[in-house]
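Asker: Need coordinates for the below:
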Amino acid sequence: MDNHHFRSLAKISPRPKTIYCSQGRAVLATDLDGLIQDFPRHGLFVGETRLLSRYQYFVDGKVPQTVAVSNVEQHSWLGYYISSAPGAKWKKDTGSGEMEESSEETIELKVSRTVGFGVHEDIDFTNFTQRVVHFTFEIELDSDFADQAEAFGRKQHGKLTRRWRRLSSRHAQLVYDYRASHRYSHQGNRGVAHIHRGLIVSVEKAGSPVSFRGSRLRFDVRLKAHESWHTCIKFIPVFDRQPMPPLYGCHQFFRTRNQLDRKREIFLNESTQFRTDEVHPELASVVESALLQATDDLSALRLPDLDHGDRSWVTAAGLPIYVALFGRDTLTAGWQASLLSTSMANGALHELPKWQGRVENDWRDEQPGRMLHEAHTGPLATLNYNPRSRYYGAATTSSFYPVVLSELWHWTGDKSEIKSLLEPALLGLQWKDKYTDRFGDGFYDYQTRSKQGNRNQGWKDSGDAIVYEDGREVDPPISTCEEQAFVYVAKLRMSEMLWFMGDRELARRLFHEASELKKRFNDRYWMPDKSFFALGLDAKRQQIKSISSDPGHLLACGIVHKELARPVARRLLQDDMFSGWGVRTLSSDHPAYDPYSYHRGSVWPVEHGSFAMGMMRFGLIEELHTIARAIFEVSTLFDYNRLPECFSGHPRDDEHPFPALYPKTNWPQAWSASSVFAILQAMLGIYPFAPTNLLLLDPHLPDWLPEIFLRNLHVGDAVVSIHFYRKGKGTHFDVLEKRGRLHVLRQPSPWSLTAGAAERIKDVMESLIP
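Answerer: Below you'll find the predicted structure:
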């Protein structure tokens, strides 16, 4: 893309009619004026339950004028509103300013919000006139306790009560209480489920007495010239009689006094720091900005109720509709963000065994050893209208768990911790072998048993994601290509860990099984006429010949024969697959291609982290730089350089100066945020192996990123800071600081197609010479 396009004013906004202020499981979604009116997806959602469905301000019966509103951080928000002073005698301005009455005889309403468990809101009026003013301030509010999936149609019906409780003239509470029950019967699952949830709206420190009538809080406000008035409102969620008071007090935008702030500071202070030089090309600063935003987003998506310590936690999958635990999402985000911190991988690996399948339950797609897909907390899931409070319909979680466990092993070298997590990893692989090779041909498939289950259960889990070459949908059972690769690398990595732990016999067996799977796979899935791998095998064990993004993941897993790696990478970058902004999920030449579809033509940033790692693995540097540049450049089209869940597959050309969006895309999305760290790790060729105090580097920076500093990088017990920079035709590095025992060596990937023996010897020698 030329500089003219790169510097364009284009900015596309996911969910452009909504402002989100969130932290953990609490999400405040408002209109652009910061208020909640009648849009079904707006409200205060906690635990995927809408506790506040309406929230409006009135000054003397009129809505104040919105003049400036914005997030301060993801969990905080500030809004300015103004109204004309009551009784003002205003003469219409005819001067150049064309001044409005509200800006010349101003009553300012300043609203400050912070989200942390509950919500704290400061409301401050200031009289900027030269006289005494008196007015009525009202807040209209309501609650419906809807599930976020009920935005456009109610399913659950319970009893909602409302009670006004006056504690003093300037301190009162409006208490909403909701109870619902549901008698359910699903494929042998029977019973009665209950929920009891509430919201306490606590008005405190009011500058004048507060009353409540109908659906409105009311204050009579009297202000002298330049005098201010204040009240604060606490929104306190109550789940099963347990209140969750907001952690923030009055006017606490930047103070770090509570547990969530402390945990966030620990994460930010101990994570790897990234810096580029300001004198370098503009895209270099974009890389730094994207990395910083991704760090903040992952922190904001943290689910603190699932913490396993300050340095072991999991993220929600994405905002606003995936504020829940998703097995494969948390594992993927943890793996891809390991360069930043191992905290998320650690948390996911400790949390998921708690949910691991124990029995055969068709409705939940549960089987012994199977890892969780998702665990929702909204009313519909909790009341068992659907199985999503504990649902297992994903093939990928179980095979990817051992891979992420080995990544944690490579980064930390913590033998005792890894040993404690080997059993759930092995149980997941045992589930794969026992339940998902129903044809006995050594390939792993999926098929739901639940009447409410996911039709497709590979990484592409939408119902119409897997299609034949002629556009017809493929009926399960299906053995997608990437699922074979995940099982292959899982068994390979498990073999390595077990060898170090002393279980040599099982290590040998898994290594042999992985090797045999690799041979079978390349024979059955390769399409010589297309120089590409098949999307999968159908129920008749015939190739699904559609050209899709799925084979890109085979490179990172290493299941492809060495001579096939380059053709796969190059096929991904042909015009029908590579839009210019990224790799499409399905070829634009395919009859089922739709650039807006969830998995049939859209572009997913998360895939590019895996693609990048695979390209570096095989030394395909030019291809790596192509996709890396595309992802960082597309980030400039979004506010804060924050990548969305996915965007459309429109081509990057003169007719399409920017892509469109999948309408319900999440933003931020955990695994999209994590992808930028995996892409950078690939360009720097970083391969840690903490068990032997080793850090291997093979950096290949592009001309648009001539240097970058990494500080506070943790490998085992060591901490290192490194300066990577281009010089001449190559990329070099200097170790700026090192604490602890660590050998830093330059060495290409063992599978590189471009590195010869002479280069490897030269790199080792240069690394050893001071």
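Asker: Next, the buried residues of stretch 135-154.
Answerer: 135, 137-141, 143-150 (16 or more other Cβ atoms under 10 Å). Every C-beta, even on glycine, is put in place using the N, C-alpha and C of the backbone.
Asker: Next: stretch 190-209.
Answerer: Applying 16+ other Cβ under 10 Å to stretch 190-209 flags A193, I195, R197, G198, L199, I200, V201, S202, V203, E204, A206, G207 as buried.
Asker: Stretch 261-277 too?
Answerer: In stretch 261-277, residues buried by neighbour count (16+ other Cβ under 10 Å) are D261, K263, R264, F267, S271, T272, Q273, F274, T276.
Asker: Need these in a markdown table (columns: secondary structure and distance to D297).
Answerer: Shown next, in a markdown table, are the buried residues of stretch 261-277 (DSSP: H, G, I helix; E, B strand; the rest coil; distance: Cβ to Cβ, whole Å):
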| residue | secondary structure | distance to D297 |
| --- | --- | --- |
| D261 | helix | 17 |
| K263 | helix | 16 |
| R264 | helix | 12 |
| F267 | helix | 12 |
| S271 | coil | 13 |
| T272 | coil | 16 |
| Q273 | strand | 16 |
| F274 | strand | 15 |
| T276 | coil | 19 |
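Asker: Which stretches in the stretch 451-600 of the chain count as helices?
Answerer: 481-501, 504-525, 552-557, 562-572 (DSSP state H, counting those that start in this stretch).
Asker: JSON lines for these, including mean pLDDT and distance to F658?
Answerer: Below are those laid out as JSON lines (pLDDT from 0 to 100; distance: least, Cβ to Cβ, whole Å):
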{"stretch": "helix 481-501", "mean pLDDT": "98", "distance to F658": "29"}
{"stretch": "helix 504-525", "mean pLDDT": "98", "distance to F658": "35"}
{"stretch": "helix 552-557", "mean pLDDT": "98", "distance to F658": "23"}
{"stretch": "helix 562-572", "mean pLDDT": "98", "distance to F658": "22"}
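Asker: Kindly confirm my reading that L339 is in a strand.
Answerer: No: per DSSP: H, G, I helix; E, B strand; the rest coil, L339 lies outside any strand segment and is coil.
Asker: Surely G393 touches D365?
Answerer: Yes: here G393 reaches D365: they are 4.1 Å apart, a contact under Cβ atoms under 8 Å.
Asker: Identify the contacts common to those two.
Answerer: Each of H373, T448, S450, G453, N454, Q457 lies in contact with both G393 and D365 under the rule Cβ atoms under 8 Å, 6 or more residues apart in numbering.
Asker: Contacts only, for the closest residue to the fifth one other than its chain neighbours.
Answerer: Of all residues not flanking N454 in the chain, G393 sits nearest, at 4.1 Å (Cβ to Cβ, 6 or more residues apart in numbering). Residues in contact with G393 (Cβ under 8 Å, 6+ apart) are D365, H373, T448, S450, G453, N454, Q457, D461.
Asker: With T397 instead?
Answerer: G327, R328, L331, L352, R370, M371, L372, H373, G428 are the contacts of T397 under Cβ under 8 Å, 6+ apart.
Asker: Out of those residues, which sit inside helices?
Answerer: G327, R328, L331, G428 (DSSP state H).
Asker: Buried among the residues you listed? Need that as a selection in ChimeraX.
Answerer: Entered in ChimeraX, the line below selects the buried ones among the ones in helices among the contacts of T397, by 16+ other Cβ under 10 Å:
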select :327,328,331,428
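Asker: Tabulate the ones in helices among the contacts of T397 in TSV, adding columns for pLDDT and distance to P688.
Answerer: As requested, the ones in helices among the contacts of T397 are arranged in TSV below (pLDDT from 0 to 100; distance: Cβ to Cβ, whole Å):
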residue	pLDDT	distance to P688
G327	98	25
R328	97	23
L331	99	18
G428	99	24
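Asker: which of the ones in helices among the contacts of T397 lies closest to L710?
Answerer: In terms of Cβ to Cβ, no member of these lies closer to L710 than L331, at 23.9 Å.
Asker: circling back: can you add distance to D576 and give the contacts of T397 back as TSV?
Answerer: Listed next are the contacts of T397 as TSV, based on distance: Cβ to Cβ, whole Å:
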residue	distance to D576
G327	33
R328	28
L331	31
L352	37
R370	36
M371	35
L372	36
H373	31
G428	36
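Asker: so which two of these are the farthest from each other?
Answerer: L331 and R370 (14.1 Å).
Asker: still on that earlier bit, now tabulate the buried residues of stretch 261-277 in a markdown table and tack on distance to V286 and pLDDT.
Answerer: Below are the buried residues of stretch 261-277 laid out as a markdown table (distance: Cβ to Cβ, whole Å; pLDDT from 0 to 100):
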| residue | distance to V286 | pLDDT |
| --- | --- | --- |
| D261 | 29 | 92 |
| K263 | 29 | 94 |
| R264 | 24 | 94 |
| F267 | 23 | 97 |
| S271 | 20 | 99 |
| T272 | 18 | 99 |
| Q273 | 17 | 98 |
| F274 | 12 | 98 |
| T276 | 9 | 94 |
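Asker: So which of the buried residues of stretch 190-209 belong to strands?
Answerer: A193, I195, R197, G198, L199, I200, V201, S202, V203, E204 (DSSP state E).
Asker: circling back to that earlier point, figure out the helix or strand that the residue nearest to N454 lives in.
Answerer: In this structure, G393 sits in neither a helix nor a strand according to DSSP states H and E.
Asker: before we move on, what about A630?
Answerer: Assigned by DSSP H and E, A630 belongs to helix 621-635.
Asker: of all the shared contacts of G393 and D365, which comes closest to K518?
Answerer: Q457 (22.8 Å).
Asker: Could you give the number of residues near that closest one?
Answerer: When neighbours are defined as other Cβ atoms under 10 Å, Q457 has 26 of them.
Asker: do P688 as well
Answerer: So P688, with other Cβ under 10 Å, has 26 neighbours.
Asker: In contact with the spatially closest residue to it that is not a sequence neighbour, which residues?
Answerer: Distances taken as Cβ to Cβ, 6+ apart put V715 closest to P688, at 4.7 Å, once the chain neighbours are dropped. Applying Cβ under 8 Å, 6+ apart, we find V715 in contact with W411, P688, A690, N693, L695, L742.
Asker: taking those residues one by one, which sit in helices?
Answerer: Among the contacts of V715, DSSP H puts W411 in helices.
Asker: Compare the contacts of V715 and tell me which has the most neighbours.
Answerer: Highest count within the contacts of V715 by other Cβ under 10 Å belongs to P688, 26 neighbours.
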